[in-house]
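Asks: coords please:
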Amino acid sequence: MSEHGYIDLQVNGYGGVDFNSDGLGSADLHQACQALQADGVAGVLVTIMTEDIDVMSARLARLAELRAGDALARQLIAGFHIEGPFINPAEGYRGAHPADAICPADADKMDRLLAAADGLTRIVTLAPECDAGLAVTRMLADRGVVVSAGHCDASLEQLGKAIDAGLSMFTHLGNGCPAEMPRHDNIIQRALALADKLWLTLIADGVHLPYFVLKNIIDLAGERCIVTTDAMAAAGLGPGRYTIGRWDLLVGEDLAARSPDGTHLVGSAVSMPQARANLREHLGLGEEQIRRLTVENPRRAIGC
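Replies: Presented below is the predicted three-dimensional model:
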């Protein structure tokens, strides 16, 4: 992985390629990596989202195999981000993750996923309140995997205990939660209260977070913030019809991927160059701060 260029910790697909497709081939992965490289990306974590454990394991194993056989993929893919299936199943918190595949955190199931990923797992997103005794959090932290809270409604106390057990990140803060929550005691405020102990990843497309909200979070916790895209197949291409896992989506002019009924965002079509432009034009950030959010902090967070 080059020392120069963007580092994106959550990429579900790119350049017309869905990393959560069971039909992913070597040419597909190479095409996506070429598109990422052309957009100035030096490293990504390919993200596999909630599905049946057997399906997730097969996808991870296939990706590990394809990466091993492609020099460009080995250069660009720093590892995998496993998002789910150990997340909060409640409506709103689970977001676009399929309810029938969500389950409580389980060490044996986690072991299966890690084995399928062939040592390439760098981040696991889970809900701390769904990890009994924080056993999986401890297991992952002991193995050097970054544990990230996401799609969760953990209490402040639960988050604090999870941090003590090894939790060190929060996935796409402000998303993976209901549109309406208690105005004071909610998962966003709890995460911000612990921002000195957590890396906070943020999607800078102006849709997942309105720009004024994005600015508020960065103003408060910028030293601990990381910009990611949560990109899906449309990233780098623009509006149109695409897939991500089970979803068949229409991406609009705002580059947001929405579920067919419009109730959920399902990844984004924003690229890192577009996110950088958004940070500069809509938030007024300088180049040094943008580099910290898109290059330096993600490197520090995963130790690369």
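
Asks: Could you tell me how far residue 79 is located from residue 19?
Replies: 13 Å (Cβ to Cβ, to the nearest Å). Just so you know, the C-beta spots here come from the backbone N, C-alpha and C atoms, and that holds for glycine as well.

Asks: shared neighbours of these two, which are they?
Replies: Common contact partners of residue 79 and residue 19 (Cβ atoms under 8 Å, 6 or more residues apart in numbering): residue 46.

Asks: neighbour count winner among those two?
Replies: residue 19 (27 against 23; other Cβ atoms under 10 Å).

Asks: Show the contacting residues for that one.
Replies: By Cβ under 8 Å, 6+ apart, the contact set of residue 19 is 11, 12, 13, 32, 46, 47, 48, 59, 63.

Asks: Which strands or helices does the lengthiest helix in the chain pack on?
Replies: Looking across the chain with DSSP state H, the single longest helix is helix 53-68. In terms of contacts (3 or more Cβ pairs under 8 Å, 6 or more residues apart in numbering; DSSP states H and E), helix 53-68 is packed against helix 26-38, strand 41-49, helix 71-76, strand 77-83, helix 107-116.

Asks: now the strands for this structure?
Replies: Remark: strands assigned in the chain by DSSP state E are 6-11, 13-14, 17-18, 41-49, 77-83, 121-126, 146-149, 167-170, 199-203, 225-228, 240-244, 247-251, 256-258, 265-268.

Asks: Could you name the helices and strands sitting against the fourth one?
Replies: Right, strand 41-49. Counting contacts by 3+ Cβ pairs under 8 Å, 6+ apart, strand 41-49 is packed against strand 6-11, helix 53-68, helix 71-76, strand 77-83.

Asks: of all the ones you listed, which lies closest to residue 111?
Replies: For residue 111, the closest of those is helix 53-68, at 10.4 Å, according to Cβ to Cβ.

Asks: Pull out the buried residues from the closest one.
Replies: 53, 55, 56, 57, 59, 60, 62, 63, 64, 66, 67 (16 or more other Cβ atoms under 10 Å).

Asks: now stretch 136-155
Replies: By 16+ other Cβ under 10 Å, the buried positions in stretch 136-155 come out as 136-141, 145-154.

Asks: so which of the residues you listed comes closest to residue 220?
Replies: Closest approach between the buried residues of stretch 136-155 and residue 220, by Cβ to Cβ: residue 149, at 17.6 Å.

Asks: Now that the closest one has come up, it's in contact with residue 168, right?
Replies: No: if you go by Cβ atoms under 8 Å, residue 149 and residue 168 don't touch, sitting 9.4 Å apart.

Asks: what touches both of these two?
Replies: Joint contacts of residue 149 and residue 168 (Cβ under 8 Å, 6+ apart) are residue 198.

Asks: Now do the same contact list for residue 22.
Replies: Applying Cβ under 8 Å, 6+ apart, we find residue 22 in contact with 55, 58, 59.

Asks: Of the helices and strands packed on strand 41-49, which is nearest residue 118?
Replies: Shortest distance between residue 118 and the helices and strands packed on strand 41-49, using Cβ to Cβ, is found for helix 53-68: 4.0 Å.

Asks: now stretch 294-303: mean pLDDT?
Replies: For stretch 294-303, mean pLDDT rounds to 97.

Asks: related to what we said a few turns ago, residue 178: which of the contacts of residue 22 is nearest?
Replies: Nearest to residue 178 among those: residue 55, at 26.8 Å, using Cβ to Cβ.

Asks: what's the spacing between that closest one and residue 131?
Replies: On the measure of Cβ to Cβ, residue 55 and residue 131 end up 21 Å apart.
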